[in-house]
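**Student:** using only what follows, build the 3D model:
(2 chains)
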Amino acid sequence: GAVVSQHPSRVICKSGTSVKIECRSLDFQATTMFWYRQFPKQSLMLMATSNEGSKATYEQGVEKDKFLINHASLTLSTLTVTSAHPEDSSFYICSARSWRADTQYFGPGTRLTVL
Amino acid sequence: AQKVTQAQTEISVVEKEDVTLDCVYETRDTTYYLFWYKQPPSGELVFLIRRNSFDEQNEISGRYSWNFQKSTSSFNFTITASQVVDSAVYFCALSEAKKLGSSNTGKLIFGQGTTLQVKP
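**Tutor:** Numbers count the residues shown, from 1 in each chain, chains lettered A, B, ... in the order given. Here you go, the predicted structure:
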């Protein structure tokens, strides 16, 4: 099956710093990648959709200047949490969808803790 | 608007019992996909199944089976002879199917999830 990796798996940072999370599709080309956020005991909340080579589309209520998304290649998308604050602490999950498939494959997630 | 409802927040069963997880969806699309994902304590979402709206045949995969009924907009998931390793959060999800020339991105709409606890 399709494999999606995320790095780092866990990060702890100080308030005010920026954190970059990478999402890679390892064995297929992902024309579309998605970024989700999940709070404890809650469902996944879609933050944004990114297509290779174009600007990301953000969901309502998600600050695009706060959560910078770059999808520079068909196998890599990055999410940068800028000037992180404790309320940004969450589990961030990416998924990738190939151009020929209608199935999203998820990365293992990144647990962000902002002190 | 699209919506997925998983009315069961938590289910607890004893090992070897059968358990059914309910999923009801709403959509105006004529073509769509339904999914089930498993999220174990590690956090990674594991893809279980994708069902096209045109295919109402039930599916069985080992101890897992899925019942898709378009008439009631339901896509229920049954685990037979449950095991402790089945303990996880299970999510049902819906997406619009890709159409030629469409700008549809295949965005997934998730239900709230059902936490299944299988006790030994």
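**Student:** show me which residues of chain B are close to chain A?
**Tutor:** Taking CB under 8 Å from any CB of the partner chain as the measure of proximity, chain B contacts chain A at B:33, B:35, B:37, B:42-45, B:47, B:50, B:91, B:95, B:97-98, B:105-108, B:110-113, B:115. Quick note: C-beta positions are derived from backbone N, CA and C, even for glycine.
**Student:** mind running it again at 7 Å?
**Tutor:** Taking CB under 7 Å from any CB of the partner chain as the contact definition, chain B meets chain A at B:33, B:43-45, B:47, B:50, B:91, B:95, B:97-98, B:105-108, B:110-113.
**Student:** okay, and which of the residues you listed map to strands?
**Tutor:** Using DSSP state E, the subset of the residues of chain B next to chain A located in strands is B:33, B:47, B:50, B:91, B:95, B:110.
**Student:** so the fourth one sits against B:G111, correct?
**Tutor:** This means B:F91. Yes. The pair B:F91 / B:G111 is scored as a contact, 6.0 Å apart, by CB atoms under 7 Å.
**Student:** hey, what's in contact with both of these two?
**Tutor:** The overlap between the contact sets of B:F91 and B:G111 (CB atoms under 7 Å, 6 or more residues apart in numbering or on different chains) consists of A:S43.
**Student:** hang on, B:A93 in a strand?
**Tutor:** Yes. The assignment for B:A93 is a strand, going by DSSP: H, G, I helix; E, B strand; the rest coil.
**Student:** got phi/psi on B:K70?
**Tutor:** Geometry field for B:K70 lists phi and psi as phi -70, psi -30, criterion degrees, to the nearest 10.
**Student:** let me see the contact set for it.
**Tutor:** Counting by CB under 7 Å, 6+ apart, B:K70 touches B:E56.
**Student:** one step back: drop anything exposed from the residues of chain B next to chain A.
**Tutor:** Buried by 16 or more other CB atoms under 10 Å in any protein chain shown: B:33, B:43-45, B:47, B:50, B:91, B:95, B:97-98, B:105-108, B:110-113, out of the residues of chain B next to chain A.
**Student:** residue ranges with poor pLDDT in the chain?
**Tutor:** All of this refers to chain A. Within chain A, the stretches with pLDDT under 70 are A:1, A:99-102.
**Student:** if you could check chain B rather than the one you did, that'd help
**Tutor:** Residues of chain B that meet the cut-off, pLDDT under 70, sit at B:97-105.
**Student:** apply 90 and report the result again.
**Tutor:** Counting by pLDDT under 90, chain B has low-confidence residues at B:1-2, B:28-31, B:42, B:44, B:47, B:52, B:54-60, B:95-108.
**Student:** for it, just list every one of the strands.
**Tutor:** Assigned by DSSP E, chain B shows strands spanning B:3-5, B:10-14, B:19-21, B:24-26, B:32-39, B:46-52, B:59-61, B:64-69, B:74-79, B:88-96, B:109-110, B:114-119.
**Student:** of all those, which lies closest to A:K20?
**Tutor:** With CB to CB, the closest approach to A:K20 among these belongs to strand B:32-39: 24.2 Å.
**Student:** got the CA coordinates for that closest one in CSV?
**Tutor:** Listed in CSV are the C-alpha atoms of strand B:32-39, where the atom choice follows Å, rounded to 0.1, in the frame of the first residue of the first chain:
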residue,chain,number,x,y,z
TYR,B,32,-19.1,9.7,-3.6
TYR,B,33,-16.8,7.5,-1.6
LEU,B,34,-17.2,6.2,1.9
PHE,B,35,-14.3,5.1,4.0
TRP,B,36,-13.4,3.6,7.3
TYR,B,37,-10.1,4.3,9.1
LYS,B,38,-8.7,2.8,12.3
GLN,B,39,-6.7,4.9,14.7
